[in-house]
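Engineer: Sequence below, structure please.
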Amino acid sequence: MRKLVRMAHRNRHTKHVIQWLIAGSRGGVNRGKILETLREEPMNANQLGEAIGVDYRTIRHHLEILEKNGMITSMGPRYGTMYFISANLEDSWVDFEEIWNRIGTNNNSDGD
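Structural biologist: Now for the predicted structure:
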């Protein structure tokens with residue numbers, strides 16, 4: 001029972017973080033695109049930039065925010081670092097989709 005309570009709390013917390021990162025800030029659309037892309041296939045920053053049409057510096061900025069907030073993980077040396085969806089986000093992917101579907105298709109701004 002305790003484990004279920006902890007999981008529910010963690011999932012609720014993750015949903016709040018997703019809400020803030022995607023819907024509650026200027027760079028949410030880019031972060032949403034990054035997360036969708038990484039769920040399909042792990043990539044490095046350069047590959048991500050090419051895949052979603054965003055410059056390298058902007059991608060790095062968003063990757064740092066996403067990693068700091070536990071949405072992605074990374075592996076490998078500096079320039080070859082590959083990024084992956086975190087297990088925590090994978091467990092809450094339905095929440096991401098709900099939020100993303102609400103704002104992702106209605107907002108074309110790139111922002112920071």
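
Engineer: For the rest of this, base every contact and every neighbour count on C-alpha atoms.
Structural biologist: Will do.

Engineer: and R12, how far is that from G53?
Structural biologist: With distances taken as C-alpha to C-alpha, to the nearest Å, R12 is found 32 Å from G53.

Engineer: try W93
Structural biologist: Counting by C-alpha to C-alpha, the gap from W93 to G53 is 23 Å.

Engineer: Same question for R31.
Structural biologist: From R31 over to G53 (counting by C-alpha to C-alpha), the distance is 13 Å.

Engineer: who has more neighbours, these two?
Structural biologist: Set R31 next to G53 and count neighbours by other C-alpha atoms under 10 Å: R31 wins out with 26 against 11.

Engineer: ok, and the residue nearest the centre of the chain, which helix or strand is that part of?
Structural biologist: Residue closest to the average C-alpha location in the chain (C-alpha atoms, centre = their mean): L35, at 4.0 Å. Using DSSP states H and E, L35 sits in helix 28-40.

Engineer: Summarise which helices and strands that helix is packed against.
Structural biologist: With contacts taken as 3 or more C-alpha pairs under 8 Å, 6 or more residues apart in numbering; DSSP states H and E, helix 28-40 sits against helix 45-52, helix 56-68, strand 82-85.

Engineer: pLDDT of the shortest one, averaged?
Structural biologist: Across strand 82-85, pLDDT averages out at 98.

Engineer: Point out the most buried one among the helices and strands packed on helix 28-40.
Structural biologist: Among those, strand 82-85 has the highest mean neighbour count (mean count of other C-alpha atoms under 10 Å), at a mean of 22.
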